Structures are given as C-alpha cells and as structure tokens.
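Chemist: the following comprises the amino acid sequence and a computationally predicted model.
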Amino acid sequence: MHRSIVLAAPFVLLVACGGQGSTESLSESEQGLKRFGTEGEEPVRTPVDSGVRDTGQDTGADTSLPPRLAQPLATVFENSNPPPTSCTRVRYDIRTSPGRTCADLAKTTSSGTWSVAPVFPSAPDADVRDTFCAVTWIANTPTCALPDFGVLGLTCKEQMWMVRRSTACATDPANCSVTATTGTELDQTKPPVRTCGGDAGVIYGGIIGGCDRCAVSYGGNLFLTNPFGSSTVHTDIWTGGGFLTVTMPPYSTTELTGYSATSVVIWQ
C-alpha cells in the first residue's frame, strides 16, 4: 500500500554567522571528513546552480494515488545581508541536541560565515522550528576555505546524523525540495538506537543502529531527515495497516502530513 507524497521541504538557506577551520577540532579522523564530504577537497570558487531539484536517488512518485502537497514554507533569514562570495556554498541539515538550537550554530570566523536558518520556519512547535537547522558555509573570497566545523561545537549525535545537501540546494533553497513515497510493512526488525560514548567515538552516517533524533511528529506532521546512504527509511510509526516506510533521497530532509506518534525512531 503506497501513497505518493510530494514534499515541499523548505530548506531555508539561512543567513547568520559561522565558520569552520580545522577538522581536527572535531577530534575525528579522516573518516569523519569523508562523512562531512570535505576530505581531500580543493577550495571551489565558482558557485553553480544546476537548476535541478535535490532529488538524489528519487524513485519517482507512485501514481496510484494523487500526490498530496505540503504547503511550502516561507524563507526566513536570520541575517538579511549574507556576505558576498564567489566561493561555492556548502549546506548541511543538522538537528541540534537537546538544550541547543539553530541559533547556537550561527558563527562567523576569519575564513567564513555559518549562515543558519530553520528548515521548517513555520512549524508551530519550537522543538521542530528551532532544532531542524539549515546550516550553510559561506567562505570568504578569495581563499574559499573549507567549512570550519570546529567553531560549531557539534555534539556526538549532531555529527553522527548531520547530512550534506546538494550544491544546487546550498545555492538556492528552491532546489531543496524532494519527492518521497510512503508505504507500509508488517514485519520489521527494529535495531537499537545508535548511541555515543565509550571508546567507540562517532561513526559518521549512523550506519549501525537507529536514529532517535532524525524525526519528530507534531500536530499530525512528520518532520524527517534521512541521514543514510539508502533511499528507504524504516520507522516505528504504526499507521493502522502497518509500519510506515518512506522512500526519499539519501541525505535530505522533508515534511510529511498525516502521521502522528509520541516518539519516532528511524533506520535504514
């Protein structure tokens, strides 16, 4: 049983302040840099808007039912005057840990700015509006330094579940919308939630275990970030006919209407 949903993921490009310098400040290895998508990269100077939506590995809409459109959310800038740059912008979607909000990620350094805005600025609940964050690195010209993650002070889980969006999305929030298809499954094996601590450190991407900070349900809507490299996301939300599954591009964020749950765990 599938429903076709076109998600207007209003990934709002924020403008605040921020920067990154050394990836060592994350006290993580090159594996971590690969997760962030910056390892081995040379500074890039010419921002290119491909004009293509951030559809990633979309499988296409299920036409058995008419699509249901989420209302697009208005762009809200924390800073209406982002610094001018000829460097390619880099955007990450991050859900902050308890006690932190998007405002905590707005930073400016000598090498660039972390521009931050809520992904869902019109969400009625602060736990959605203030914790799902579009965090965009705007490097200063002409150096075009790589993102300065160290200044963000990211927690273990923030590092683990953050996702890098496409260049098109980072350049223009209008390209951040994704298409998703929902379905149900009766049988599922729910893995334990991935934890931090001990000697294991952070394993970027949450390859093992579920994520309990990647989705939240409020007011009948499901707000979801897919931090996995796969396009099928499993959830523990019971729909009445089975457990909800979502097909959406890897490393993207969206909103689905019509789903309620007291808590949500997702896994690939």
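Modeler: Done, it's in.

Chemist: any idea which helix or strand comes after the helix or strand bottoming out on mean pLDDT in the chain?
Modeler: Lowest mean confidence among the helices and strands of the chain (mean pLDDT, DSSP states H and E): strand 68-69, at a mean of 28. Heading C-terminal from strand 68-69, the first helix or strand you meet, by DSSP states H and E, is strand 90-95.

Chemist: helices or strands next to that following strand in the packing?
Modeler: On a contact count with 3 or more C-beta pairs under 8 Å, 6 or more residues apart in numbering; DSSP states H and E, strand 90-95 meets strand 132-139, helix 156-161, strand 163-164, helix 167-171. The C-beta positions use only the backbone N, C-alpha and C, and glycine is treated the same way.

Chemist: what helix or strand is Ser122 on?
Modeler: Here Ser122, judged by DSSP H and E, is contained in no helix and no strand.

Chemist: just for the stretch 51-200 of the chain, where's the confidence low?
Modeler: Within the stretch 51-200 of the chain, the stretches with pLDDT under 70 are 51-83, 197-200.

Chemist: repeat that with 90
Modeler: The model of the stretch 51-200 of the chain has pLDDT under 90 over residues 51-86, 121-127, 172-174, 179, 187-200.

Chemist: hmm, back to that, so can I have CSV of the helices and strands packed on strand 90-95 showing distance to Arg194 and mean neighbour count?
Modeler: Below are the helices and strands packed on strand 90-95 laid out as CSV (distance: least, C-beta to C-beta, whole Å; neighbours: other C-beta atoms under 10 Å):
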stretch, distance to Arg194, mean neighbour count
strand 132-139, 19, 29
helix 156-161, 7, 22
strand 163-164, 15, 20
helix 167-171, 25, 23
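
Chemist: in JSON lines, list those along with distance to Ala126.
Modeler: Output for the helices and strands packed on strand 90-95, formatted as JSON lines (distance: least, C-beta to C-beta, whole Å):
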{"stretch": "strand 132-139", "distance to Ala126": "11"}
{"stretch": "helix 156-161", "distance to Ala126": "18"}
{"stretch": "strand 163-164", "distance to Ala126": "22"}
{"stretch": "helix 167-171", "distance to Ala126": "24"}
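
Chemist: mind listing what's buried along stretch 236-245?
Modeler: Going by neighbour count (16 or more other C-beta atoms under 10 Å), the buried part of stretch 236-245 is Asp236, Ile237, Thr239, Phe243, Leu244, Thr245.
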